[in-house]
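1. Below is the structure, and that's it, no one-letter string:
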């Protein structure tokens, strides 16, 4: 009977350990949002263990194939687990290196949409809404996301408001408050896995000639960098809104 590859077995163990660390990070993020740094630390550690699992499993697979020892299946499973743990984190690191470390994005830098209902309902741990940090926030956003601007729509504000509210619901956001007279919609978007919460304020104002100006602000509750998520949310919403109103990009 062929001997088993201890290296392959250790690769699998490391993969399982990394998976446990990842699960722990997700659990902390969901159950204790204020401890998001601990959650991110557990995820990062899980990814590092995943890298070790890749290296050890690759070595174990090579040993199994060359020496004829058992363990190739365990090595392959360890490789898959390691890649599954390390790849998403590596991708996030790459994306994070390409965008500024900001988390408050708005289409109107001079007069950002305000939060009324959500202003005091985000938790003591949440990022402030005063847009004072970093000091050059506006310049950083303008340089990184020059396309994030007010959207003009040649339709009455009431119609645009209804479509904006329907679009926000279609995107799965929790609608916190609507004020048709002020043209304001406040909502919260929650990420699927870690359940990070980003708050959204949409403002529809009338323009000369009977049209509408649509502004939007998206702010992460936690974290210094949003990895571009808020800008992408605004882009996605604006495209979906135009499509709902019958405009094609």
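-> Arrived safely, thanks for sending. Remember, it's a predicted structure, so these values are computed and weren't measured experimentally.

2. quick one: buried residues of the helix or strand that contains residue 95?
-> Remark: residue 95 resides in helix 72-98, with elements defined by DSSP states H and E. The neighbour-count check on helix 72-98 (16 or more other Cβ atoms under 10 Å) flags 72, 74-79, 81-83, 85-86, 89, 92 as buried. Where you see a C-beta, it was placed from the backbone N, CA and C, and this is true even at glycine.

3. Tell me the first helix or strand C-terminal of that helix.
-> Following helix 72-98 toward the C-terminus (DSSP H and E): strand 104-106.

4. same question for that next one, mean pLDDT?
-> Computed over strand 104-106, the mean pLDDT rounds to 98.

5. starting at the chain centroid, how far to that strand?
-> Relative to the centre of its chain, strand 104-106 is centred 14 Å away, using Cα atoms, centre = their mean, to the nearest Å.

6. neighbouring strands for that strand, and are they parallel or not?
-> Strand 104-106 sits in its sheet next to strand 211-220 (antiparallel), going by DSSP bridges.

7. Let me know the next secondary structure element after the partner strand.
-> helix 229-244.

8. by contact count, what packs against the longest helix anywhere in the chain?
-> Of all the segments of type helix in the chain, defined by DSSP state H, the longest one is helix 36-67. Here helix 36-67 touches helix 6-31, helix 72-98, going by 3 or more Cβ pairs under 8 Å, 6 or more residues apart in numbering; DSSP states H and E.

9. And the pLDDT at residue 2?
-> pLDDT, residue 2: 44.

10. domains in this protein, as residue ranges please.
-> The chain breaks down into these domains under automatic domain parsing: 6-98, 104-244.

11. ok, now how distant is the residue nearest to residue 92 when sequence neighbours are not counted from residue 132?
-> Sequence neighbours aside, residue 227 is the residue nearest to residue 92 in space, at 5.9 Å (criterion: Cβ to Cβ, 6 or more residues apart in numbering). When distance is defined by Cβ to Cβ, to the nearest Å, residue 227 is 22 Å away from residue 132.

12. go on, residue 247?
-> Residue 247 is 36 Å from residue 132, by Cβ to Cβ.

13. Give me the below-cutoff pLDDT ranges for this protein.
-> Applying pLDDT under 70 to the chain flags residues 1-4, 248-249.

14. rerun that using 90 as the cut-off
-> Residues of the chain meeting the criterion pLDDT under 90: 1-6, 63-71, 120, 247-249.

15. hmm, back to that, so residue 247 and residue 132 - more neighbours on which side?
-> When residue 247 and residue 132 are compared for neighbours, residue 247 comes out ahead with 13 against 9, by other Cβ atoms under 10 Å.
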